[in-house]
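Asker: how would this look folded up:
(2 chains)
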Amino acid sequence: MSDTRVIAVKNVRKSYGGFLAVNGLSFDVDKTECFGLLGPNGAGKTTMMKMIYGMAIRDPHSDGSISVFGYDPLYDELKIKNLCGVVPQEDNLDIELNVVENLDVFCRFYGMSKSATRDRIDYLLDLMELTDKRDSKIKALSGGMKRRLIIARALVNQPKLLILDEPTTGLDPQVRHVIWNKLRAMKKLDMTILLTTHYMEEAFQLCDRLIIMDGGKKMMEGNPQRLLKDNMEHYVLELKSAGSFGKVEGFLKETAANIGSTTEAATKEGVTDKAGNDEGAFGEAVNAETETDETETIEAETDEAASKKAVIRVEHMEEIVYVYSNDPEVLQKAVCLLKGEDYYLRQSNLEDLFLKTTGRALANAQ
Amino acid sequence: MPNNPPSFLTRVFAIWHRHVRVYNKFLLSNGLPPFLEPLIFLAGIGLGLGRYIPSMGGVSYVRFLASGLIITAAMWTASFECTFGTFIRMEFGKVYDGMLAAPISVRDMLISEILWAGTKGLFFSSAVLFIMFVFRVLPVSITVLVPFVGFLTGMMFGAISLFVTSFVRNIQYFNFFFTGFLTPMFFFSGVLFPVENLPKAVRPIAEIVPLTHSVRLSRALCNGVFTPDLVIDLLYIVAATFVFGYFAIKRLRRRLID
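Answerer: Predicted coordinates for the structure are as follows:
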């Protein structure tokens, strides 16, 4: 049974000085699965990933363990790396060498024969659509080509496990879609994929299963579609100002009251008992003040199905107000009251779930 | 499922091969200076200083200096490679992170760096020797073995430089190593004049610093005069390479592996 697991992580911890980057994390990755580690910057994703292929050492901890293909990275680092391909977050190609030479140098790291190297390079250049760039200098490549070359480089040894650290960060949408297509092709080659990302869209597109991490801990685990369905209201109404919210507030309270919810806990605007931490230290990036405490759930206590459908959740982020609900009609009706105001009614996505799970405020590490 | 990572030697030479490949990319700018520098030296000393100092240590001054400069060429190139070169590969280019994602350990990688520093030492001292042959400053004899001393010197200074690099967080700090250690050593290791002529109080310092021992081996080969205590010089070089190499690997591993 355990032989279908490529990676088994159990209660792993990693600290830097007094700071716990990874705090008692456990997860399994099955063969040919695409598994995602999601989280804001500083959540411990990259650290966790590095511990898997021996670039970081986990804290000595009696019951913490990591097993990759049955090997422990503490003792069999080279055996694990021999079966893996790693796509790092930053481009680290040899800029002095051209495209083919970059791949050739790596083939030697795996002790591949000359003929095997030649065949493999031809195949990978073709796969990554880089054949006409084979003699190009690295500087002459676009960002997307560099990424494709780095992925090709990670594949020279026909890895059983492909590890990608934020593979599309900083790329434009077209290139991202190309990379995603390539990665989907990898999945068809019976490859297990482990990737970290903070793009929800990326995780949604690629991952069979994922965990959402925050502060080195697992917040949620599962299939992305199911996680969204089970943990998130289906629709969101975004209001661009508190003034707009004023126009619908009464209606929302009334609606909630009609289906039997307790309204006294309704909108307590302006309550900022949990202030955004460290505002100012990160300049304009830290505008997102935490007001998660203001999120109130207006629950209907009638029969369960109705209650689930009619729950209205309101979240404030500075001026912007988010109204979440499973019932599109309620939100539609609210929209009718918003003549001339700025609003956006849409389906919720994994990003909303992500923000719901990890909070809207920036942590210090971000 | 057989899973055999490549052998230690395959790993070390794969990285060595990468360095050779990158170095050869700029053959003209990398390959020419090693030959030009001794030419400039010959012009300066032969036409200038050499006329004021006819002989030193029993041979012509040009020849005396040549036997030292073969070694300092190896020292400088190895030191640059394993300070600035290593630092850039580690911090800016993230080249090491790429290598360490392949089945290569920090130890393999750094042993290869030291081997590469030795290779550059071999090449640079060969270049100087070649020019000295062409201008008949040194005879073609047992002197052909001097580049081997250049190789050992390159490895030793590669290991020392890696050790220094393990402490350096800001690339500017290497200036302390170059102007604070290597340059003074250049003047007090028998390159420009025999250490035997140094004041008694300073002599022990000359015996402690590494360059003195390399120069002594080189001079013995250049002059064809061998004494038993050369064994001590050879042992010093080997020991320094291992000791500094060991601690450099230990310290840099902690820096590269989180």
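
Asker: Smallest gap between chain B and chain A, at which residue?
Answerer: B:Pro6 (3.1 Å; Cβ to the nearest Cβ). C-beta coordinates here come from the backbone N, C-alpha and C atoms, glycine included.

Asker: Surely that residue and A:Tyr110 touch.
Answerer: Yes: assessed by Cβ atoms under 8 Å, B:Pro6 is found in contact with A:Tyr110 at 6.3 Å.

Asker: Show me where the chain has its helices.
Answerer: This is for chain A. A:45-52, A:77-83, A:99-109, A:114-127, A:143-154, A:173-188, A:200-206, A:224-231, A:242-258, A:304-310, A:328-336, A:350-358 (DSSP state H).

Asker: oops, chain B please
Answerer: Using DSSP H, helices in chain B cover B:8-24, B:27-31, B:33-47, B:61-80, B:86-87, B:95-101, B:106-134, B:146-165, B:174-177, B:183-187, B:203-208, B:210-223, B:230-256.

Asker: What is the first one packed up against?
Answerer: It refers to helix B:8-24. helix A:99-109, helix B:106-134 (3 or more Cβ pairs under 8 Å, 6 or more residues apart in numbering or on different chains; DSSP states H and E).

Asker: how far out from the middle of the chain is it?
Answerer: 18 Å (Cα atoms, centre = their mean, to the nearest Å).

Asker: quick check: angle from that helix to helix B:106-134?
Answerer: Interaxial angle, helix B:8-24 versus helix B:106-134 (axes from the mean of the first three to the mean of the last three Cα atoms, to 10 degrees): 50 degrees.

Asker: Can you give me the pLDDT of residue 232?
Answerer: No chain in the question, so chain A it is. Among the per-residue scores, A:Met232 shows a pLDDT of 77.

Asker: let's do chain B instead
Answerer: 95.

Asker: picking up where we left off before, overlap in contacts, B:Pro6 and A:Tyr110.
Answerer: B:Pro103 (Cβ atoms under 8 Å, 6 or more residues apart in numbering or on different chains).

Asker: roughly how far apart are the closest residue to chain B within the stretch 1-150 of chain A and B:Pro5?
Answerer: Here the stretch 1-150 of chain A gets closest to chain B at one residue, A:Gly111, 3.1 Å apart by Cβ to the nearest Cβ. Remark: distance between A:Gly111 and B:Pro5 (Cβ to Cβ, to the nearest Å) = 8 Å.

Asker: Same check on B:Phe124?
Answerer: With Cβ to Cβ as the criterion, B:Phe124 and B:Pro5 are 34 Å apart.

Asker: which one of these two has more residues nearby?
Answerer: Neighbours were counted for B:Phe124 and for B:Pro5 using other Cβ atoms under 10 Å in any protein chain shown; B:Phe124 has more, 28 against 22.

Asker: and the nearest residue to A:Ile52 once chain neighbours are set aside, what are its bridge partners?
Answerer: Closest residue to A:Ile52 apart from its sequence neighbours, by Cβ to Cβ, 6 or more residues apart in numbering or on different chains: A:Val68 at 5.7 Å. For A:Val68, the beta-bridge partners under DSSP bridges are A:Ile7, A:Tyr71.

Asker: burial count for A:Val68?
Answerer: 28.

Asker: just B:Arg254 next, same as before
Answerer: 12.

Asker: and what of B:Ser161?
Answerer: 30.

Asker: Please name the residues that touch it.
Answerer: So B:Ser161 contacts B:78-79, B:81-83, B:86, B:117, B:177 (Cβ under 8 Å, 6+ apart).

Asker: Write out the residues of the stretch 151-300 of chain A neighbouring chain B.
Answerer: Within the stretch 151-300 of chain A, the positions near chain B by Cβ under 8 Å from any Cβ of the partner chain are A:153-154, A:157.

Asker: neighbour-wise, which of those residues leads?
Answerer: Most crowded among those, counting by other Cβ under 10 Å, is A:Arg153 at 28 neighbours.

Asker: With adjacent residues omitted, what lies nearest to that residue?
Answerer: Closest to A:Arg153 by Cβ to Cβ, 6+ apart is A:Phe106, at 5.2 Å.

Asker: same question, B:Ile45
Answerer: The nearest residue in space to B:Ile45 (Cβ to Cβ, 6+ apart) is B:Val62, at 5.5 Å.

Asker: Please apply the same query to A:Glu351.
Answerer: A:Met200 is the one closest to A:Glu351 (Cβ to Cβ, 6+ apart), at 4.1 Å.

Asker: Report pLDDT for the one you found.
Answerer: The model's pLDDT for A:Met200 equals 78.

Asker: Over to the one 10 residues further on?
Answerer: As predicted, A:Leu210 sits at a pLDDT of 91.

Asker: Now for it: which residues touch it?
Answerer: So A:Leu210 contacts A:35-38, A:203, A:221-224, A:227 (Cβ under 8 Å, 6+ apart).

Asker: got a winner among these for most neighbours?
Answerer: A:Leu38 (28 neighbours).

Asker: Beta-bridge partners for that one, please?
Answerer: A:Thr197, A:Ile212.

Asker: ok so, going back, could you export the contacts of B:Ser161 as TSV, including pLDDT?
Answerer: Compiled in TSV, those are given as follows (pLDDT from 0 to 100):
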residue	pLDDT
B:Ala78	96
B:Ser79	95
B:Glu81	93
B:Cys82	95
B:Thr83	95
B:Thr86	94
B:Ala117	97
B:Phe177	93
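
Asker: Relative to A:Glu129, which of those residues is nearest.
Answerer: Distances from A:Glu129 to the contacts of B:Ser161, taken as Cβ to Cβ, are shortest for B:Thr86 (35.2 Å).

Asker: Could you check how far the closest one is from B:Ser126?
Answerer: Distance from B:Thr86 to B:Ser126, by Cβ to Cβ: 23 Å.

Asker: the more surrounded of those two?
Answerer: Remark: of B:Thr86 and B:Ser126, B:Thr86 carries more neighbours, 26 against 21, as counted by other Cβ under 10 Å.

Asker: residues touching the more buried one, list them.
Answerer: B:113, B:161-162, B:165.

Asker: same thing but 7 Å
Answerer: Contacts for B:Thr86 were tallied using Cβ atoms under 7 Å, 6 or more residues apart in numbering or on different chains; they are B:113, B:162, B:165.

Asker: For those, which single residue is the most surrounded?
Answerer: B:Glu113 (30 neighbours).

Asker: right, and it touches B:Thr165 too?
Answerer: No: in this structure, B:Glu113 is not within contact of B:Thr165 by Cβ atoms under 7 Å, at 9.6 Å.

Asker: How many neighbouring residues does the residue lying closest to A:Pro224 once chain neighbours are set aside have?
Answerer: In space, and not counting its chain neighbours, A:Pro224 is closest to A:Phe204: 5.1 Å by Cβ to Cβ, 6+ apart. By the criterion of other Cβ under 10 Å, A:Phe204 has 17 neighbours.

Asker: Then B:His213?
Answerer: Around B:His213 there are 27 residues (other Cβ under 10 Å).

Asker: Chain neighbours aside, what residue packs nearest to it?
Answerer: B:His213 sits nearest to B:Asp233 (Cβ to Cβ, 6+ apart), 3.9 Å away.

Asker: show me the contacts for that neighbour.
Answerer: Here B:Asp233 is in contact with B:213, B:216-217 (Cβ under 7 Å, 6+ apart).

Asker: and the residues you listed as TSV, adding pLDDT and distance to A:Leu130?
Answerer: Compiled in TSV, the contacts of B:Asp233 are given as follows (pLDDT from 0 to 100; distance: Cβ to Cβ, whole Å):
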residue	pLDDT	distance to A:Leu130
B:His213	95	51
B:Arg216	93	54
B:Leu217	95	50
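
Asker: Thanks a lot, see you next time.
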